[in-house]
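> Sequence first, then the predicted structure:
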Amino acid sequence: MKPEHVLVFGGTSDAVEICQALEACDVRYTLSVATPEGRHTAQCLNAPVIDGRLSERAMKEWITSHGVEMVIDAAHPYAQVLRQTILDACRPLECPVIRYERPSTIESIDHPLIHRVSDVAQACKKIRGDQKKVLLTTGSKDLRAFCCQLPDTTLYARVLPTSGVIAECEEAGLGIENIIAMKGPFSQAMNHALYQMLQPDVVITKESGQVGGFTEKVFPCIELGIECIVIERPMKAQINQYADYLTNVEECVALFSHWKQQEYIL
């Protein structure tokens, strides 16, 4: 049955696609984004947008006061805290949650230069003493942790070109010669050229899926003989905690279309 009001969490391009599919099926929704970058990504949408991170209590109050009947968790694959907060807020309200998880592509790549680890600490431990230049393509969230755990290396960070993110880089101790402020998506050729220019000993990245340009980041490492450390996605929550678990936007479109058809039948 078509919900009267859907609350969508996510500031990614695929979250925006899901919102556009809701619009196409005349489903009322509100989007919640945690960062200014998410707000920028969502500027093409017509629905209201909640800016900033919501606590569990704030989520409960918003869902209750705005008549939300369904929540869609379309957050970034690494937004583990947000995902758990959504479940904790919705469970006592008996508000169903649909989780969208963009497809993984890590299993398609198997090469001696590619090393898989579970978190930042393991990634740092993988760096050998002779590997002095490290390129981070993991975003700005963990910059301080990398800088603290890799004090004897030269770190380059490719991050979004916003004033807030640049400030985070500077606060973490990176100089202007170490900050590559660019907005993706990046092609394989673009990454190849960047790696050639910087000549890092290691590239550290996250398994962000095809939407996040994962293979485009990894293949140039293989071509140039550069070791690549991949921080794997956090362990998935139990699927049975969700009303539905979708892994591509087409499945979302099919579900929303079904809601619309049911409305006409009723």
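Arrived safely. Quick caveat: nothing in here was measured; it's all calculated off a predicted structure.
> how deep is residue 75 tucked in, by neighbour count?
26 (other C-beta atoms under 10 Å). Where C-beta positions appear, they are placed from N, C-alpha and C, glycine not excepted.
> where does it land in three-state SS?
coil (DSSP: H, G, I helix; E, B strand; the rest coil).
> Check what pLDDT it gets.
Residue 75 carries a pLDDT score of 91 in this model.
> ditto for residue 91
At residue 91, pLDDT is 95.
> try the one 4 residues further on
pLDDT recorded at residue 95 is 97.
> ok, now residue 81?
Among the per-residue scores, residue 81 shows a pLDDT of 90.
> what about it, neighbour count?
Neighbours of residue 81 (other C-beta under 10 Å): 11.
> Just the element for it, please.
Element membership for residue 81, per DSSP states H and E: helix 80-90.
> mind listing what's buried in that helix?
82-83, 85-87, 89-90 (16 or more other C-beta atoms under 10 Å).
> Same check on stretch 224-231?
226-231.
> Would you pull up how far that stretch lies from the middle of the chain?
20 Å (C-alpha atoms, centre = their mean, to the nearest Å).
> Return the residues in contact with residue 196.
residue 224 (C-beta atoms under 8 Å, 6 or more residues apart in numbering).
> Does it belong to a helix, a strand or coil?
Assigned with three-state DSSP, residue 196 falls in the helix class.
> Next, work out how far apart it and residue 39 are.
34 Å (C-beta to C-beta, to the nearest Å).
> What about residue 147, how many residues nearby?
So residue 147, with other C-beta under 10 Å, has 19 neighbours.
> now residue 107
Residue 107 has 7 nearby residues by other C-beta under 10 Å.
> which SS class is residue 158?
Residue 158 - assigned by three-state DSSP - is strand.
> quick one: which helix or strand includes the closest residue to it other than its chain neighbours?
Spatial nearest neighbour of residue 158, excluding adjacent residues (C-beta to C-beta, 6 or more residues apart in numbering): residue 180 at 4.3 Å. Using DSSP H and E, residue 180 sits within strand 179-181.
> can you check residue 20 too?
Using DSSP H and E, the element containing residue 20 is helix 13-24.
> What's the mean pLDDT across that helix?
94.
> so the next helix or strand after it versus helix 13-24, what angle?
Once helix 13-24 ends, the next helix or strand along the chain (criterion: DSSP H and E) is strand 29-33. Counting by axes from the mean of the first three to the mean of the last three C-alpha atoms, to 10 degrees, strand 29-33 points 170 degrees away from the direction of helix 13-24.
> hmm, back to that, which residues sit in contact with the residue nearest to residue 158?
So residue 180 contacts 156-159, 194 (C-beta under 8 Å, 6+ apart).
> for those, which one is nearest residue 31?
When the contacts of residue 180 are compared for distance to residue 31 (C-beta to C-beta), residue 159 wins out at 23.4 Å.
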